[in-house]
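Peer 1: make a model of this:
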Amino acid sequence: MTEQQRLELEAAAFRRLVEHLRERTDVQNIDLMNLAGFCRNCLSKWYKAAADEQGVAVDMEQAREVVYGMPYAEWKAQYQKEATAEQQAAFDKGNQH
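Peer 2: Below is the predicted model of the structure:
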């Protein structure tokens, strides 16, 4: 496999992950954090960090729009639910260092 093929495969896998997360608006970020240790916001931060490393001008809102498929505030208004006590407790337990 060439370096270019590897990059193209990784990019395709990222695009598919983002597409899947856009389709699964029922899955809340706190659920992703509790189960996998990352969420849509993490992907946005990683995207921005990669842009920064490459010297590409991308702000946090642009990075979030890449991941969410819309402005973050719009996604939150349409899809984000208040965390349950159980979700918050699991999150708090998982984030103790």
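
Peer 1: for residue 68, what are its contacts?
Peer 2: Contacts for residue 68 were tallied using Cβ atoms under 8 Å, 6 or more residues apart in numbering; they are 22, 40, 44, 75. Just so you know, the C-beta spots here come from the backbone N, C-alpha and C atoms, and that holds for glycine as well.

Peer 1: 6 Å instead?
Peer 2: Contact analysis of residue 68 by Cβ atoms under 6 Å, 6 or more residues apart in numbering lists residue 75.

Peer 1: ok, now residue 19?
Peer 2: Counting by Cβ under 6 Å, 6+ apart, there are no residues that residue 19 touches.

Peer 1: recalculate using a threshold of 10 Å.
Peer 2: residue 69 (Cβ atoms under 10 Å, 6 or more residues apart in numbering).

Peer 1: try residue 79
Peer 2: 24-29, 68, 70.

Peer 1: let's see it at 7 Å
Peer 2: residue 25 (Cβ atoms under 7 Å, 6 or more residues apart in numbering).

Peer 1: for the residue nearest the centre of the chain, give me the pLDDT.
Peer 2: Closest to where the C-alpha atoms of the chain average out (Cα atoms, centre = their mean) is residue 40, at 1.8 Å. Note on residue 40: pLDDT of 97.

Peer 1: just residue 95 next, same as before
Peer 2: Looking at residue 95, the pLDDT reads 74.
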